[in-house]
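> Below is the sequence, then the predicted model.
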Amino acid sequence: MLARKQLQQLACRIKGTSLTRSLTALPEVASEGPKLPPFDYVPPPYEGPSKEEVMATRKQFLSPALSLNFKKPIMIVDGKMQYLYDETGRRFLDAFAGIVTVSVGHCHPAVTKAVIEQTQRLQHTTTIYLNNQVAEYGKELAAKMPGNLKVVYFVNSGSEANDMAMTLARLYTGNYDIIGLRNAYHGLSEATMGLVGQHTWKAPIPHGFGVHHALNPDPYRGIFGNDGKAYAADVKDLVQSATPGQVAGFIHETIQGVGGAVPLADGYLPEVYQTIREAGGVCIADEVQTGFGRTGLHFWGFESQGVIPDIVTMAKGIGNGLPLGAVVTTPEIAATLNRRIHFNTYGGNPVCAAGGRAVLKVIEEEGIQAKAADVGGYLLEGLRRLQAKYDIIGDVRGQGLMVGVELVKDRTTKAPATAETVEVVERCKDMGVLLGKGGLYGSCLRIKPPMCITKPDIDFMLECLDTAFAGL
């Protein structure tokens, strides 16, 4: 009997016949090992070039800087909610959400509908004209913000949002120096590269002028453990020793994403915010990965430490995959841009604005934040059971569906298990789970799925991880 993959490949060669869909619509063939939960969706037949042809074309025409996530790469041609499909129709559980970007689900019908309807009506104009979508979206997004964070500037990406935040901080305060954190990631424009606290992302070109990196308040690897006030003292010392005593601002993630889902030590932000404001600066929260309910307990990550920033940057989950980002700040800080002409061609274009509005509506109507808290808690419990079983798991951390699992060769020395991390990611892929990896040493599993993921999906993921760890 022909296997499913052989039947689908045959179907792709019989284009234009009724047999095509019937062959590709066959149920997934059972195999040994963990089983994905049932899901009522069959992707349309793929009729494009083969994976090998795509690989060759990519190598010839795309930048060699573009990396692939697996030793044996897969080709993704379809997606639905928490699942992705390769060219043969094989289904994978997406546990990385396009690098923490797909918030409410791949091709969520409400978001797709909003994008299609707006595209058919008006695909692009700019903010030199009035348009209802961007204006109403600004109002709806501002309503999600605490305090006086009521003015929105739309951009296209997280890098661009953080670049804008640096400009606003310097214009508003009249100061230049900015404090960031080691192990942080804020983008790869020339300006934001300077904020990055990992050498692996920093090109050997001039960058980072006026940027100073404080000790990372990492509860697992940091020298002060989970003592936020002790780390905060380093920021005060940095202001006094490495700057003129006045700063433009301080920027932080609440849970460091690329750095390996590292949370900030308890009590850290209130102390640092006070220090920075006393030095004339503003506080910038990078919510590119932690925003829009992903942490479960709060809509914004910074709320977990009881602070209100002066500027908040966001991207990724804001648009569920659309090229969309935003900077939200106070009216007083926003007014500084009026000193010169400023413009963004694509920021807040009608299609992205319509999609962003749909994402906000889905988060609210489907209780996405509550789901992230519930399912995320279930995931963390399961991972901690695996930690008790396997010594290689040094740390399990995170909030909601922003989770990291750090692998170590030895729990005492915490020597990173980089090669083993690669192997676990590869084995899980082969079993049907797509994980991310990160951290300075590449030794952390990054688990940040679309927030529509279910507990049966988590059971499948945990079973795959268990199998992968057992085989090391």
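All right, it came through fine.
> Name the spans of the chain whose pLDDT lies under the cut-off.
Confidence mapping of the chain against pLDDT under 70 gives the ranges 1-31.
> Near Gly376, how many other residues are there?
Neighbourhood size, Gly376 [other Cβ atoms under 10 Å]: 26. Yep, even glycine has a C-beta here, placed from its N, CA and C like the rest.
> And Glu278, by the same measure?
12.
> and what of Thr336?
Thr336, neighbours per other Cβ under 10 Å, totals 18.
> now swap in Lys71 and tell me
10.
> Now do the phi/psi pair for it.
For Lys71, the backbone dihedrals (degrees, to the nearest 10) come out as phi -60, psi -40.
> mind checking how far it is from Arg427?
11 Å (Cβ to Cβ, to the nearest Å).
> cool, and Glu303?
37 Å.
> looking at it, Met193 is touching Gly180, isn't it?
No. Counting by Cβ atoms under 8 Å, Met193 stays clear of Gly180, with 11.2 Å between them.
> More neighbours: which of the two?
Set Met193 next to Gly180 and count neighbours by other Cβ under 10 Å: Gly180 wins out with 25 against 19.
> strand partners of the host helix or strand of the more buried one, parallel vs antiparallel please.
Following DSSP states H and E, one finds Gly180 within strand 178-181. Paired neighbours of strand 178-181 in the sheet (DSSP bridges): strand 211-214 (parallel), strand 249-253 (parallel).
> what's downstream of the last one, the next helix or strand?
The helix or strand immediately downstream of strand 249-253 is strand 255-256, counting by DSSP H and E.
> Given that next one, what are its sheet partners and their directions?
Under the rule (DSSP bridges), strand 255-256 has strand 262-263 (antiparallel) as partners.
> Run the angle between the following helix or strand past the strand it pairs with and strand 249-253 for me.
Downstream of strand 262-263, the next assigned helix or strand under DSSP H and E is helix 268-278. Between the axes of helix 268-278 and strand 249-253, defined by axes from the mean of the first three to the mean of the last three Cα atoms, to 10 degrees, the angle is 160 degrees.
> packing partners for the next helix-or-strand element following helix 268-278?
Toward the C-terminus, helix 268-278 is succeeded by strand 282-286 as the next helix or strand (DSSP H and E). Here strand 282-286 touches helix 158-173, strand 249-253, helix 268-278, strand 311-314, going by 3 or more Cβ pairs under 8 Å, 6 or more residues apart in numbering; DSSP states H and E.
> For Leu465, find the nearest of these.
Across these, Leu465 has its closest neighbour in strand 249-253 (25.0 Å, Cβ to Cβ).
> Please identify the buried residues of the closest one?
Gly249, Phe250, Ile251, His252, Glu253 (16 or more other Cβ atoms under 10 Å).
> okay, those in JSON lines with distance to Lys371 next?
Compiled in JSON lines, the buried residues of strand 249-253 are given as follows (distance: Cβ to Cβ, whole Å):
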{"residue": "Gly249", "distance to Lys371": "34"}
{"residue": "Phe250", "distance to Lys371": "32"}
{"residue": "Ile251", "distance to Lys371": "29"}
{"residue": "His252", "distance to Lys371": "26"}
{"residue": "Glu253", "distance to Lys371": "22"}
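> Can you say which two of those are spatially most distant?
Gly249 and Glu253 (14.4 Å).
> Buried residues, stretch 334-349. List them.
Ala334, Thr336, Leu337, Gly347, Gly348, Asn349.
> Return that stretch as PDB; C-alpha atoms alone will do.
Taking Å, rounded to 0.1, in the frame of the first residue of the first chain, the C-alpha atoms of stretch 334-349 are listed here in PDB:
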ATOM      1  CA  ALA A 334       5.100  62.300  21.000                       C
ATOM      2  CA  ALA A 335       5.000  66.100  20.400                       C
ATOM      3  CA  THR A 336       8.800  66.200  20.100                       C
ATOM      4  CA  LEU A 337       8.600  64.800  16.500                       C
ATOM      5  CA  ASN A 338       6.900  68.100  15.500                       C
ATOM      6  CA  ARG A 339      10.300  69.800  15.500                       C
ATOM      7  CA  ARG A 340      11.100  68.400  12.100                       C
ATOM      8  CA  ILE A 341       9.200  66.800   9.200                       C
ATOM      9  CA  HIS A 342       8.700  63.100   9.900                       C
ATOM     10  CA  PHE A 343       7.000  60.500   7.800                       C
ATOM     11  CA  ASN A 344       6.600  56.700   7.300                       C
ATOM     12  CA  THR A 345       5.400  55.500   4.000                       C
ATOM     13  CA  TYR A 346       3.900  52.200   5.100                       C
ATOM     14  CA  GLY A 347       3.300  52.700   8.800                       C
ATOM     15  CA  GLY A 348      -0.400  52.200   9.500                       C
ATOM     16  CA  ASN A 349      -1.300  51.400   5.900                       C
END
